[in-house]
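In: Dropping a prediction and its sequence here:
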Amino acid sequence: MTGAVIRLGRGVEDLDELEPLWMALQAHHSSILPKLGSETPARPLADSWPRRRAKYEAWLGVEESFFLIAEEKRRAVGYAFVTVGSPFAGWVTGRIASLETLSVLPEFRGSGIGSELLAATWQRLAEYKITEMSITAALSNVDSNCFYERHGFEPSFVVFYGKRTAESAATDN
């Protein structure tokens, strides 16, 4: 157990507390995955947060979406953002939660805060009677992949990314 307090985000008014945590996550992602595929560089950090914040605002418009904030001494040191969707069409599942973001400040990684956020996420989902969750993680983010596997998640899908240039599209015609 850490000294962190986990609380439910109040809504849009708490989103600005997430910015430094998102920026830390993006800096980490950019260091382990500097390009998406072989063509697409990481977005500049200053441009990244407004885009993610807009997604969070939209997701908060869906009733069961929520976020949790881990605080130490009233400072946000981690968060989890979760959305809820329909069951899978091809498998017998219930409604599926998606852990859209789990971020812990670098100086607090490995302290148990991520585990506490994940446990609190499951507790919140239990209130909705949701027992299934998906997570997308970069293949190169070995530490996060090991973290999720330690918590009972299994790799199930691989996300492929492709990009077409104007020249390659022109050769198709």
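Out: Received the coordinates, thanks.
In: Tell me the confidence at the closest residue to Glu64 other than its chain neighbours?
Out: Excluding the flanking residues, the one nearest Glu64 by Cβ to Cβ, 6 or more residues apart in numbering is Val84, at 4.1 Å. C-beta coordinates here come from the backbone N, C-alpha and C atoms, glycine included. Note for Val84: predicted pLDDT of 95.
In: gap between Val84 and Ser98?
Out: Using Cβ to Cβ, to the nearest Å, one obtains 8 Å as the distance from Val84 to Ser98.
In: Give me the common contacts of the two.
Out: Overlap of the contact sets of Val84 and Ser98 (by Cβ atoms under 8 Å, 6 or more residues apart in numbering) is empty.
In: give me every residue that touches the residue nearest to Glu64.
Out: Val62, Glu64, Ser65, Arg95, Ile96, Ala97, Ser98, Leu125, Tyr128, Ile130 are the contacts of Val84 under Cβ under 8 Å, 6+ apart.
In: which of the residues you listed sit farthest apart?
Out: Greatest spatial distance in those: Val62 and Leu125, 14.2 Å, computed using Cβ to Cβ.
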